[in-house]
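In: Using only what follows, build the 3D model:
(2 chains)
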Amino acid sequence: MEVIQTEMLTKVYASGWPGMPPVKGLDQLTLSVRKGEIFGFLGPNGSGKTTTIKILMGLMAPTSGQAALLGHPVGDVPVRGRIGFLPESPYFYDYLTAEEFLSFYGGLAGLSGTDLNVRVNNMLEMVGLTEARTRQLRKFSKGMLQRIGLAQALIHDPELVILDEPMSGLDPIGRKQVRDLILSLRDRGKTIFFSTHIIPDVEMICDRVGIVMKGRLVACGRVDDLVSSSLTRIVEVVCEGVEPQEVPSITSMANKVIKRGRQLLIVLPGSEHVEEVIACILREGGKIISVVPQKGSLEELFFSPESAPRHASFAETRG
Amino acid sequence: MGPIGVITWNTFRENLRDKILYNLLVFSFFLIGASVLLGELTFAEPKKVVTDFGLAAINIIGVIVAIFVGIGLVNKEIERRTLYTIMARPISRSQFILGKYCGLLFTVSVNVLIMLSVYLFTLWIDRAAIHIGLFQAVGLILVEVYLVTAMALFFSTFSSATLSATLTAAFYFIGHLTTDLRGIAEKSENFIIKSVISIFYYLFPNLELLNIKGQAARGLTTPLMYQFTATLYGILYAGMLVVAACLVFRHRDF
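Out: Residues are numbered from 1 along each chain as shown, chains lettered A, B, ... in the order given. Below is the predicted model:
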């Protein structure tokens, strides 16, 4: 079942000044998120991640295209009772205590009485803020605000959780806590859609990833599939007892040849020349230390030439 | 408690914890207290001065609170992005606006009631007459404050806080001059000027209809029919502004 579905979603912002051309924030974005998966929405700043999320949450109307959440068109009010949302760098009512804050959001989701009190207590415990329950949010640190923000997104036990840059500004411990929380939500059958520009976060926890660049979806799929299908795997050969000038044929086959003390690191673009390189090293009296095929990373995909032409063509259409 | 009730209670709580409100309230106590001093300095009708000045203080502070708290109602939510998480809940934009408006109505009502208590206490200390006309005047002040709150809310749905405050203040002052506008329109021989001023007359609220402070200060009672009609007029006008605010807000991008 598709939990999030967008079809040719486009958002054009008016420039605000006469004579200035409009700016495309999103360009025909089509993606789907399946039930029970963690979907990472990856892209650099200004690529259209927040615009997509705003449209999904009904905060902004698309210029064209359609989007649906849990089978209902965005803008449908009752369905929001099944969705939890944490915006980027959230600012909350700082005059409220943590307890009042969660009660307020629980009340908006239709919870009341004992049910609400139980949920508030559970959420405070889950995000480790039970001790701070009577403290006003103005006295919270950034990490604490992020955690209470996550608690408000989950207070009504939603099926779908949408998080906009949930790890931004957090220290490594805070980021790990958020990652663990996202994984535990997935284990409980929830669907999580989160945007980020931090690649390792996506690689570590996401089932699938969508990469958005300048408003366009340039890649979408399982992390493993994306990095193996889109990238040429490199092979790193480490050897000693030879100098670069003694093996000119290897230098011509390799991407890089780096001298590290007594050792030589040879980075090959693929596995086809490995045997030839090893033979050459042995022939020159060298010794093989290691031969390691390197898995591609999302980072490489993120900056790969495959997506660059698409950026260029997009820039042309905008102009 | 439904979503409107939750927003209403939270808005009221937010205002209660706002220090500016208390500062304004203390300032109103000074103004009401100063009326006694002014009365002492007046040769003729010192009690009328005390009564009149106190009513004016309640009116002015009530309107200032309505403008300055009202303009922040929606703007602050957008600028601080607190609106994002609220709109992610099963609550419509119109319900949000209604909740915010009701919360502010509670705030200004409590504010006016506290000022009225201080005012009555001052009159009692000064041995000035306390009569039904004073309550009628404060009743219409409250209606005017509700209307000004609705204006501030309406403007804040599509403009910045500064512009909202300016527009609300302009509407408030013009609203007290509409009777004069009508006089100018009647006297003008230029058709265009006549038409433009007539449009202004019908577009702006006639806030002078809600001003019976002078009569109350003189100890006069206002006919109940007038009180009812003026109240209905003010509430209907405020209702129209709230509906307009909902319509504008429904189509806004954030």
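
In: Strands along the stretch 151-254 of chain B, start to end?
Out: Ranges of strands in the stretch 151-254 of chain B, per DSSP state E, counting those that start in this stretch: none exist.

In: where does residue A:70 fall, phi/psi-wise?
Out: For residue A:70, the backbone dihedrals are phi 50, psi 40 (criterion: degrees, to the nearest 10).

In: mind checking how far it is from residue B:27?
Out: The gap separating residue A:70 from residue B:27 is 52 Å, by Cβ to Cβ, to the nearest Å. Backbone N, C-alpha and C define where each C-beta goes, glycine included.

In: more crowded one of those two?
Out: The neighbour comparison of residue A:70 against residue B:27 (other Cβ atoms under 10 Å in any protein chain shown) goes to residue A:70, with 19 against 14.

In: Now do the same for that one: its pLDDT.
Out: On pLDDT, residue A:70 comes in at 93.

In: quick one: contacts for it?
Out: Applying Cβ atoms under 8 Å, 6 or more residues apart in numbering or on different chains to residue A:70 gives the contacts A:3, A:79, A:82, A:83, A:159, A:160.

In: try 10 Å this time
Out: Counting by Cβ atoms under 10 Å, 6 or more residues apart in numbering or on different chains, residue A:70 makes contact with A:1-5, A:35, A:76, A:79-80, A:82-83, A:158-160, A:191.

In: Could you list the low-pLDDT ranges of the chain?
Out: In the absence of a named chain, this looks at chain A. Across chain A, the ranges flagged by pLDDT under 70 are A:227-233, A:295-319.

In: my bad, chain B
Out: Within chain B, the segments meeting pLDDT under 70 span B:39, B:43-44.

In: elements contacting the longest helix anywhere in it?
Out: Scanning chain B for the helix with the most residues, using DSSP state H, yields helix B:93-125. Applying 3 or more Cβ pairs under 10 Å, 6 or more residues apart in numbering or on different chains; DSSP states H and E, one finds that helix B:93-125 contacts helix A:98-108, helix B:3-16, helix B:19-41, helix B:46-70, helix B:72-79, helix B:82-87, helix B:132-156, helix B:224-250.

In: at 8 Å what do you get?
Out: helix B:3-16, helix B:19-41, helix B:46-70, helix B:72-79, helix B:82-87, helix B:132-156, helix B:224-250 (3 or more Cβ pairs under 8 Å, 6 or more residues apart in numbering or on different chains; DSSP states H and E).

In: can you pull the alpha-carbon coordinates of the second one into PDB?
Out: Output in PDB follows, covering the C-alpha atoms of helix B:19-41 (Å, rounded to 0.1, in the frame of the first residue of the first chain):
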ATOM      1  CA  LYS B  19       3.900  40.500  30.600                       C
ATOM      2  CA  ILE B  20       2.800  43.300  28.200                       C
ATOM      3  CA  LEU B  21      -0.800  42.700  29.200                       C
ATOM      4  CA  TYR B  22      -0.100  43.200  32.800                       C
ATOM      5  CA  ASN B  23       1.800  46.400  32.100                       C
ATOM      6  CA  LEU B  24      -1.100  47.800  30.200                       C
ATOM      7  CA  LEU B  25      -3.500  46.800  33.000                       C
ATOM      8  CA  VAL B  26      -1.300  48.600  35.600                       C
ATOM      9  CA  PHE B  27      -1.200  51.600  33.300                       C
ATOM     10  CA  SER B  28      -5.000  51.600  33.100                       C
ATOM     11  CA  PHE B  29      -5.200  51.600  37.000                       C
ATOM     12  CA  PHE B  30      -3.000  54.700  37.000                       C
ATOM     13  CA  LEU B  31      -5.200  56.400  34.400                       C
ATOM     14  CA  ILE B  32      -8.400  55.600  36.400                       C
ATOM     15  CA  GLY B  33      -6.700  56.700  39.600                       C
ATOM     16  CA  ALA B  34      -5.500  59.900  37.900                       C
ATOM     17  CA  SER B  35      -9.100  60.700  37.100                       C
ATOM     18  CA  VAL B  36      -9.700  61.500  40.800                       C
ATOM     19  CA  LEU B  37      -6.800  63.900  40.800                       C
ATOM     20  CA  LEU B  38      -8.200  65.600  37.600                       C
ATOM     21  CA  GLY B  39     -11.600  65.800  39.300                       C
ATOM     22  CA  GLU B  40     -10.000  67.700  42.200                       C
ATOM     23  CA  LEU B  41      -8.400  70.200  39.800                       C
END
